[in-house]
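[1] Sequence first, then the predicted structure, then my questions.
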Amino acid sequence: MELSLPGTVNEVLPIEEASQLGYARRVAQRLAESVGLDETAAGRVALVTMELGTNLLKHADAGVLYLRAVPGRDCQGVEVLAVDRGPGFDLGICQVDGYSTRGTQGSGLGALQRQADVFDAYSEGRGSVVMARVYPRGGARDLPLGVMHQALEGETACGDGWHLVADGARLSVVLIDGLGHGEDAEHAARAGTRAFAQAPFDSPSMLFSEMNQAMTSTRGGAVALAQFEAGQGRLTFAGIGNIGVTLLGPGKARGLVSLPGIVGAQFRKVQSFDYPDIAGQLLVLFSDGLRSRWSLDDYPGLRFRHPAVIAAVLHRDFRRGRDDVTVMAIALEGLSD
């Protein structure tokens, strides 16, 4: 079965005082209902959102909730991410029911974990990220994909666009950064992702030709394209412009090479590169709204967390704050099982 996943922007809900929790719960419940979750599952989304928001105030005094619809392999669900810059906490202890760091009657993250179908967290001195995904009970198998996709603060349009297609043992993904930001940049990115979605497993040269034609009447943008064949353990990559792409394997990280130019305006050629024997590695793509000088080696154990947690940590600590930003983390083999 083919899964075609168009990019969706995260809902961003700052949590700085208790009065904001009710609004967050209502937004989460509406999102759950909009993706077709039944009353019970939507109630679990609302409960998870309230608990994560409350934990932000207890453990870090403030933080941010990020919400978005997440497609599993069989049905849609909702992801709630709680992100803070607090002192961090001992995850093992906090998962025990009855534990509280503030002298309150703690239910522990363990109780929250039971409400979620997928749960993961990472905490250290720079802060914490807690992720919960809710699907219909007995529903979707989760996709090991994490995306933080956010417009420049103050903008409603996001100039970054992404689209991912998984078909059995094959995966194809594109990330496009329309020049600048705002509606014109969004128009450019959407034109490119629509062209990609028509034939995502065509050769990179053919796809870039189609995307270039589709983006010619726009301001254009940077494009990164990756195709993975799980049966062969091989990744093919082609890029034009300044989108960062990193492959993370056991004990090493390597940046993938993009060529200069602007798709939809001017570039000299497209060259694809093959990377063999990458089964089990992590692929990270990011627009230039994220600083490029980061290393997961600075975060002990983060490499082994859910890709959604990895993307959220990178977004929290390395976004520039002056442009749209997208971070995608993909566990290659798990996504195409």
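    Yep, it's here.

[2] Every contact and neighbour count from this point should use C-alpha atoms.
    OK.

[3] separation between V78 and D160?
    21 Å (C-alpha to C-alpha, to the nearest Å).

[4] E210: neighbouring residues, count only.
    Neighbour count of E210, defined by other C-alpha atoms under 10 Å: 18.

[5] quick one: contacts for it?
    The contact partners of E210, taken as C-alpha atoms under 8 Å, 6 or more residues apart in numbering, are 195-196.

[6] isn't there a strand covering it?
    No: read with DSSP: H, G, I helix; E, B strand; the rest coil, E210 is helix and lies in no strand.

[7] hmm, back to that, V78 and D160: which has the busier surroundings?
    Neighbours per residue (other C-alpha under 10 Å) separate V78 from D160, with D160 holding more: 35 against 26.

[8] List the contacts of A18.
    54, 57.

[9] Could you measure from it over to G53?
    The gap separating A18 from G53 is 8 Å, by C-alpha to C-alpha.

[10] measure stretch 217-231 end to end?
    One end of stretch 217-231 sits 38 Å from the other (C-alpha to C-alpha).

[11] I'd like the mean pLDDT over it, please.
    For stretch 217-231, mean pLDDT rounds to 95.

[12] in it, what's buried?
    By neighbour count with 16 or more other C-alpha atoms under 10 Å, stretch 217-231 contains the buried residues 218-230.

[13] and if you look at stretch 115-127?
    Burial within stretch 115-127, assessed by neighbour count using 16+ other C-alpha under 10 Å, is assigned to 115-124, 127.

[14] Repeat that for stretch 28-35.
    Of all the residues in stretch 28-35, those buried under the rule 16+ other C-alpha under 10 Å are 28-29, 31-33, 35.

[15] Any stretches of the stretch 101-250 of the chain with poor pLDDT?
    101-108, 138-140 (pLDDT under 70).

[16] in it, which spans are strands?
    Remark: strands assigned in the stretch 101-250 of the chain by DSSP state E, counting those that start in this stretch are 118-124, 127-134, 145-150, 160-167, 170-178, 221-229, 234-240, 244-249.

[17] right, and the ones you listed - which one's nearest L13?
    Proximity to L13 (C-alpha to C-alpha) singles out strand 145-150 among the strands of the stretch 101-250 of the chain, at 12.0 Å.

[18] Mind listing the strands the closest one pairs with, and their directions?
    Partners of strand 145-150 in the sheet, by DSSP bridges, are strand 325-331 (antiparallel).

[19] for the record, mean pLDDT for the partner strand?
    96.

[20] Contacts for that strand next, please.
    With contacts defined as C-alpha under 8 Å, 6+ apart, strand 325-331 is touched by 144-152, 160, 280-290, 307-308, 310-311, 314-315, 319.

[21] Alpha carbons of stretch 190-207, as PDB, please.
    C-alpha atoms of stretch 190-207 as PDB (Å, rounded to 0.1, in the frame of the first residue of the first chain):
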ATOM      1  CA  ARG A 190       3.600  24.000  -3.100                       C
ATOM      2  CA  ALA A 191       4.100  24.000  -6.900                       C
ATOM      3  CA  GLY A 192       7.200  21.900  -6.500                       C
ATOM      4  CA  THR A 193       5.700  19.400  -4.100                       C
ATOM      5  CA  ARG A 194       2.700  19.000  -6.300                       C
ATOM      6  CA  ALA A 195       4.900  18.100  -9.300                       C
ATOM      7  CA  PHE A 196       6.900  15.700  -7.200                       C
ATOM      8  CA  ALA A 197       3.800  13.900  -5.900                       C
ATOM      9  CA  GLN A 198       2.700  13.100  -9.500                       C
ATOM     10  CA  ALA A 199       5.600  10.600 -10.000                       C
ATOM     11  CA  PRO A 200       7.700  10.400  -6.800                       C
ATOM     12  CA  PHE A 201       9.700   7.400  -7.900                       C
ATOM     13  CA  ASP A 202      10.800   8.800 -11.300                       C
ATOM     14  CA  SER A 203      14.500   9.300 -11.700                       C
ATOM     15  CA  PRO A 204      16.000  12.400  -9.900                       C
ATOM     16  CA  SER A 205      16.800  14.000 -13.200                       C
ATOM     17  CA  MET A 206      13.200  13.600 -14.400                       C
ATOM     18  CA  LEU A 207      11.700  14.800 -11.100                       C
END
